[in-house]
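>>> quick one, what's the 3D model for this:
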Amino acid sequence: GLIMGAYKYVEELWRKKQSDVLRFLLRVRCWEYRQLSSICRLTRPSRPDKARRLGYKAKQGVVVYRTRVRRGGRKKPVPKGIVYGKP
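Predicted coordinates:
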């Protein structure tokens, strides 16, 4: 639109993930998150525009946590590749 709010600008930034700004931001944050513990409480969301679209409101009683997710698919480890049970 002609008059864009702050959230619209943030949304545009996140659309272009290959841009220098976002690449730098993601690289720095990636390093930062690795230094933190696997679950940590945040004072505010790292993506306010996305959080608001998901129903986040900056008011009392609303909390934000960041948690680490292990890489890889959801495959159950089975010994010797033998799956017991019905097909």
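>>> leaving out chain neighbours, which residue sits closest to residue 52?
Residue nearest to residue 52 in three dimensions, not counting chain neighbours: residue 7, with 6.8 Å by CB to CB, 6 or more residues apart in numbering. For every residue, glycine as well, the C-beta is placed using N, CA and C.
>>> you'd agree that neighbour is up against residue 51?
No - counting by CB atoms under 8 Å, residue 51 is not a contact partner of residue 7; they are 10.2 Å apart.
>>> neighbour count for the two, which is higher?
Neighbour totals were compared for residue 7 and residue 51, and residue 51 leads with 16 against 13 (other CB atoms under 10 Å).
>>> now do the phi/psi pair for residue 24.
Backbone dihedrals for residue 24, given as degrees, to the nearest 10, come out at phi -60, psi -50.
>>> got a pLDDT number for it?
If you check residue 24, the pLDDT there is 95.
>>> next one: residue 38
Listed pLDDT for residue 38 reads 93.
>>> and it, how close does it get to residue 70?
Look at residue 38 and residue 70: by CB to CB, to the nearest Å, they are 9 Å apart.
>>> higher neighbour count, those two?
With other CB under 10 Å as the criterion, residue 38 and residue 70 differ in neighbour count, and residue 38 comes out ahead with 10 against 6.
>>> which stretches of this protein form strands?
Assigned strands in the chain, in chain order: 39-42, 64-67 (criterion: DSSP state E).
>>> out of those strands, which comes closest to residue 23?
Evaluated over these, closeness to residue 23 peaks at strand 64-67, with 20.3 Å, by CB to CB.
>>> got the contact list for the closest one?
The set of residues external to strand 64-67 that reach it, using CB atoms under 8 Å, 6 or more residues apart in numbering, is 33, 36, 38-46, 51, 56.
>>> again, but for stretch 27-44
Contacting residues not belonging to stretch 27-44 are listed as 46, 58, 63-68 [CB under 8 Å, 6+ apart].
>>> just put these in TSV and tack on neighbour count.
Conversion of these to TSV gives the following (neighbours: other CB atoms under 10 Å):
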residue	neighbour count
46	12
58	11
63	8
64	14
65	8
66	14
67	8
68	12
